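Engineer: predicted model follows, preceded by the sequence.
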2 protein chains.
Amino acid sequence: MASTRLNLPGNLKMITSRGALAVHLRIIEDFETRILSGLWHTGFRIPTEHEIAAEYNCSRPTVAKALMLLEQKGMIMRRKRAGSFVRRPPAQSVILQALDPATEISARNQKRRYEVLSRVVRRTTSGDRAKLRMRSGRVLSIVTRDWADDVIYCLEERLFNLDTIPDAEHIDFDKTPPSEWLVLRVPWRTGDNSIFAEEASESHAEALQVRPGAALLCIERQVYVSTGYLSYSITRYPASQQRLRAHYDTSAIHPTT
Amino acid sequence: MASTRLNLPGNLKMITSRGALAVHLRIIEDFETRILSGLWHTGFRIPTEHEIAAEYNCSRPTVAKALMLLEQKGMIMRRKRAGSFVRRPPAQSVILQALDPATEISARNQKRRYEVLSRVVRRTTSGDRAKLRMRSGRVLSIVTRDWADDVIYCLEERLFNLDTIPDAEHIDFDKTPPSEWLVLRVPWRTGDNSIFAEEASESHAEALQVRPGAALLCIERQVYVSTGYLSYSITRYPASQQRLRAHYDTSAIHPTT
DNA sequence: ATTACAATAATGCACATACAATATTTTCTG
DNA sequence: CAGAAAATATTGTATGTGCATTATTGTAAT
């Protein structure tokens, strides 16, 4: 039934499809402009779906789609019956990209070389247990050093939890650095990072060939998946070698997601 | 016409609404699990919308919604006629949250105090022009220092481009720190950050009351909107004071957005 | 065999519609 | 007048439908 034909305007869609933007995208763009420009200030209650549908001469589901995507983007907040409101911009936050030496070094058009300084499998120490949130078991501890051309680039100390990622034990990390191996092995993962500065200890200074007390940029990482912590690492860069570049867009990040 | 009633099963929706998750959310969760677990590897072609609809006993638009959101999340890629495919995980990247002293200090349950060390309006120097990407004009240069309880927390040197954000000139930054004023004044914005370590110069050491040569964590920022660069700042933290915490989720960030 | 064209299958967009959930507003009642 | 109950408006979810777009596949013709 409804064998159809209630033939709607019929050319409406033509208009939209004729190279022009899809209606819901037009709505999104328009609203973004208004919000970003401040015309619709934080807390402003935007028109109801019905009103918008009338304004754009489209159906409510189309409007709903646009608003849903804007909410996803973090620009508005929607509450049943209450309406949709312009959100307060999220806390200042930034996205750091490409924290791994391979990408960084090749971005600088330099040749990367890396070497394994030590590689040990052992029972966990109490320090390991804290870093990997584990009770007992064994870990692989591995120290590597990266060079960019003929300059020492960074020093990485890494622990693998052999309970959660046992195959690390038998991998020859002479070819593939531990960080890259992990990315390939567990592509979808999550982690906590900590970035800080410190003064080089005697041993770190020696490995990095800098003066003891020299400033280092350090990144500490814990990688885990739902089944547990996989890896802990701390990477030290001489201050002269590394800058972390970051970018942000207020609209790109929001706490809800 | 289609005056309706072709009354559908009718209790189907009851089932879904009875506390259970919405169908499209269930699909998303299921698919995420399969992708994250590696069951559906990178490049895997996921079932067609029709097949999924059949599997979940729902309509195609519902499936389409789920797939659209998964695409938005960056987990799959969709191509007309070709199908939907599991995406390669994005490059390693992390989200840094809350880089501002106010949040950081109060998160540590400390009392924040801050002071303006200098405030000058002047014509641009060549250094200013590089930092703010401007040709000429005037800038407001302001140096502030933050304390957490009775410890010096950071030192911030900031430039405002008075061409793009002229009202900064007449603001009394004694009450509101420049960074917070800027957030309120221009809530939706974008920026580039650079994070690095350095050894304290004589003057910075004095302002931060550390030994010259001590390790500092530095964050350099440029903030801009579509109309131009608004502000440049560089913030220096004694190594003992600040760690940047970051978190990532492979699924949270992707280059397309 | 290779190219060109037609058929086909998949996603993309939009519509009209229905009902559920819920916060707000209004009305009613004590 | 205050508080409770009912009405109402608004978003949330899902359905079924139709057509547009486009990549792939298959077929036919050169």
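Structural biologist: The structure has been received and is ready for your questions. Numbering: from 1, shown residues only, chains lettered A, B, ... in the order given.
Engineer: CA atoms for contacts and neighbours, from now on please.
Structural biologist: Noted.
Engineer: so which residues on the stretch 51-200 of chain A come close to DNA strand C?
Structural biologist: Residues of the stretch 51-200 of chain A lying near DNA strand C by CA under 7 Å from any atom of the strand: A:57-62, A:79-82.
Engineer: PyMOL command to pick out the buried ones of those residues?
Structural biologist: Buried members of those, identified by 16 or more other CA atoms under 10 Å in any protein chain shown, are gathered into one PyMOL selection as follows:
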select buried, chain A and resi 60+62
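Engineer: so which of the residues of the stretch 51-200 of chain A next to DNA strand C comes closest to A:Pro166?
Structural biologist: Comparing these against A:Pro166 with CA to CA places A:Arg79 closest, at 47.2 Å.
Engineer: who's that closest one bridged to?
Structural biologist: Counting by DSSP bridges, A:Arg79 is bridged to A:Gly83.
Engineer: how close does it sit to DNA strand D?
Structural biologist: 5 Å (CA to the nearest atom of the strand, to the nearest Å).
Engineer: cool, and A:Arg112?
Structural biologist: 36 Å.
Engineer: restricted to helices, list the residues of the stretch 51-200 of chain A next to DNA strand C.
Structural biologist: Among those, the members falling in helices (DSSP state H) are A:60-62.
Engineer: and the residue of the stretch 101-250 of chain A that's closest to DNA strand C?
Structural biologist: A:Trp188 (22.6 Å; CA to the nearest atom of the strand).
Engineer: am I right that that residue is in contact with B:Leu39?
Structural biologist: No: the pair A:Trp188 / B:Leu39 is not scored as a contact, 11.8 Å apart, by CA atoms under 8 Å.
Engineer: that's a helix at A:Leu184, yeah?
Structural biologist: Yes: judged by DSSP: H, G, I helix; E, B strand; the rest coil, A:Leu184 forms part of a helix.
Engineer: what sits against A:Lys131?
Structural biologist: By CA atoms under 8 Å, 6 or more residues apart in numbering or on different chains, A:Lys131 lies in contact with A:222, A:232.
Engineer: which element is it on?
Structural biologist: Element membership for A:Lys131, per DSSP states H and E: helix A:126-132.
Engineer: state the mean pLDDT of that helix.
Structural biologist: Helix A:126-132 shows a mean pLDDT of 93.
Engineer: name the SS class of the residue of the stretch 101-250 of chain A closest to DNA strand C, please.
Structural biologist: Per three-state DSSP, A:Trp188 ends up coil.
Engineer: how many neighbours does it have?
Structural biologist: When neighbours are defined as other CA atoms under 10 Å in any protein chain shown, A:Trp188 has 21 of them.
Engineer: measure it to B:Thr42 for me?
Structural biologist: 10 Å (CA to CA, to the nearest Å).
Engineer: follow-up on the earlier one: which element follows the helix holding A:Lys131 toward the C-terminus?
Structural biologist: Counting by DSSP H and E, what follows helix A:126-132 is strand A:138-148.
Engineer: what residues does that following strand touch?
Structural biologist: Against strand A:138-148 from outside (CA under 8 Å, 6+ apart): A:101, A:105, A:110-124, A:128, A:152-163, A:168-169, A:177.
Engineer: pLDDT score for A:Pro187?
Structural biologist: Here the pLDDT value assigned to A:Pro187 is 73.
Engineer: ok, the spatially closest residue to it that is not a sequence neighbour - how many residues close by?
Structural biologist: Spatial nearest neighbour of A:Pro187, excluding adjacent residues (CA to CA, 6 or more residues apart in numbering or on different chains): B:Pro89 at 6.1 Å. Residues contacting B:Pro89 under the criterion other CA under 10 Å number 21.
Engineer: my guess is A:Asn161 contacts A:Tyr229. True?
Structural biologist: Yes: the criterion here is CA under 8 Å, and A:Asn161 meets it with A:Tyr229 at 7.0 Å.
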